[in-house]
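Trainee: Based on what follows, work out the 3D shape:
(one chain, ligands or ions: 3)
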Amino acid sequence: MSSRTVIRGGLVVTASDEIHADVLIEDGRIAALAATGTPAAGAFAAERVVDATGKYVIPGGVDGHTHMEMPFGGTFASDTFETGTRAAAWGGTTTIVDFAVQSVGHSLREGLDAWHAKAEGNCAIDYGFHMIVSDVNQETLKEMDLLVEEGVTSFKQFMAYPGVFYSDDGQILRAMQRAAENGGLIMMHAENGIAIDVLVEQALARGETDPRHHGEVRKALLEAEATHRAIRLAQVAGAPLYVVHVSAREAVAELTRARDDGLNVFGETCPQYLFLSTDNLAEPDFEGAKYVCSTPLRPREHQAALWKGLRSNDLQVVSTDHCPFCFTGQKELGRGDFSKIPNGMPGVENRMDLLHQAVVDGHITRRRWIEIACATPARMFGLYPKKGTIAPGADADVVIYDPHAEQVISAETHHMNVDYSAYEGKRVTGRVETVFSRGEPVITEREYTGRAGHGVYTPRSTCQYLT
Ligand SMILES: NC(=O)NCCC(=O)O
Ligand SMILES: [Zn+2]
Ligand SMILES: [Zn+2]
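Mentor: Ligands and ions are numbered 1, 2, ... in the order given. Next up is the predicted model:
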């Protein structure tokens, strides 16, 4: 039996259009759109009618960078796939692409199977996987081809974290050459980890142990240097490159130059770099640990370059890099030694709202909001137009968003499994009201109506953003 929903009277906002339209959903897909008040819209018949008058009707967010249950620094990110995807839905995100991890000495297959086991049957929204490649060897390189064929079409490498996830330039070049052949996209954590480790050792020897020193040793120049090196290695390999969590204006400049030269080089930034700064890392009583992530938060002056990059399309995507660790018992592992603070911050629930606030503040337009948070991540990671837009045939991943509601972000009210909010007390205008995932209401007028196991694994095609 078919199930139909019609969403009436809202302003449908996609990356390309804004139109007052009624949206017909049938069997989990968008069936049709018609301008509100026209006979075509009036003819839409459905069992469920949702009034969106005065609201935006937007595609569900696509968060291309999350780490549920990720092992790091002797502990695990505190959101499971169940809690993290539920929180994502509360925040208007209907697809995540999480990072499966290859451990050194193990195959990509073992890592990917382990992540499937964590996620399957537990997710409230749909999910896909990137693969973290920690051990480049002949077997791994062959496995990359197989993964691309089965829908894991992007691979993260680290120029940071020697001894853990780190790859040297030769390993990076080999993986890039393979990606150039098999259509995979290399995602790069671009920081010079070898140089950073020297600075960490020297800082600790001087007795500089507080969280703010995390930001001081992970220098913007070492992000820019690594970004430059990754770009040139990708150019030599003839492979596209996606640089994750860009925070330094000098790194944006490297991406801009490469793109001006016509290279298929892309950049992602995250809300924490747009809204927070080294002032947060310097908060007293070890509170700065809440903001320890890598790349690190930068002095406030860097934010203008990030906003400009987002407007000029030198940066294409805003993801969260959601990797939460509780302050109590997890961040505290680094008291007396900032290098032992697990790296990562919560945010999967906050991204759509913070970026809407950026619309309110005049940093970006409404359509650009949808482009950087929904449409482009879907294209970048081979999910478009199933995800990332509202168009006939697309999955009915739809958010009814109230652009006038006021809210104060707080750990008291958020749904992420973490004991603090990085944005505690921040007032934002706009709030998610109702969320559909493949036509099923996951959030209904701010009540959770979803279920663990509704979300399914979503294989991806190769990058659809290449020029
Ligand atoms: N970003 C961060 O600090 N933690 C998550 C792992 C990564 O993305 O490098
Ligand atoms: Zn990273
Ligand atoms: Zn990450």
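Trainee: what sits against the residue sitting nearest the centre point of the chain?
Mentor: When CA atoms, centre = their mean is applied to the chain, the residue found nearest the centroid is Ser319 (2.6 Å). Neighbouring residues of Ser319 by CB atoms under 8 Å, 6 or more residues apart in numbering: 63-66, 244-245, 268, 270, 351, 377. The C-beta positions use only the backbone N, C-alpha and C, and glycine is treated the same way.
Trainee: how does it look with 7 Å?
Mentor: Going by CB atoms under 7 Å, 6 or more residues apart in numbering, Ser319 touches 63-65, 268, 270, 377.
Trainee: Going by distance to Leu315, which of those residues wins?
Mentor: Nearest to Leu315 among these: Glu268, at 6.9 Å, using CB to CB.
Trainee: Tell me how far Glu216 lies from Glu191.
Mentor: Noted for Glu216: a distance of 14 Å to Glu191, by CB to CB, to the nearest Å.
Trainee: sorry, that was for His213
Mentor: 15 Å.
Trainee: One more: Gly151?
Mentor: Distance from Gly151 to Glu191, by CB to CB: 29 Å.
Trainee: Can you pick out the residue with more neighbours from these two?
Mentor: Using other CB atoms under 10 Å as the criterion, Gly151 and Glu191 rank with Glu191 on top: 28 against 16.
Trainee: Just give the number of residues close to the closest residue to that one other than its chain neighbours.
Mentor: Distances taken as CB to CB, 6 or more residues apart in numbering put Ala160 closest to Glu191, at 4.2 Å, once the chain neighbours are dropped. Applying other CB under 10 Å, we find 25 residues neighbouring Ala160.
Trainee: so Ala160 is in which element?
Mentor: For Ala160, there is no host helix or strand (DSSP states H and E).
Trainee: these two touch, right, it and Ala190?
Mentor: No - between Ala160 and Ala190 there is no contact under CB atoms under 7 Å: 8.1 Å.
Trainee: So is the lengthiest helix in the chain next to ligand 1?
Mentor: Identified as the longest helix of the chain according to DSSP state H is helix 220-237. No - judged by CB under 6 Å from any ligand atom, helix 220-237 stays clear of ligand 1, getting no closer than 12.1 Å.
Trainee: Quick check: neighbours of the very next helix or strand once past that helix in the sheet, parallel or antiparallel?
Mentor: Later in the chain than helix 220-237, the nearest helix or strand by DSSP H and E is strand 241-243. Its sheet considered, strand 241-243 pairs with strand 185-189 (parallel), strand 265-269 (parallel) by DSSP bridges.
Trainee: immediately after the lowest-mean-pLDDT helix or strand in the chain, which helix or strand?
Mentor: One helix or strand of the chain scores below all others by mean pLDDT, DSSP states H and E: strand 71-72, with a mean of 94. Moving toward the C-terminus from strand 71-72, the next helix or strand (DSSP H and E) is strand 75-76.
Trainee: which SSE is Glu254 in?
Mentor: helix 249-260.
Trainee: That'll do, ta.
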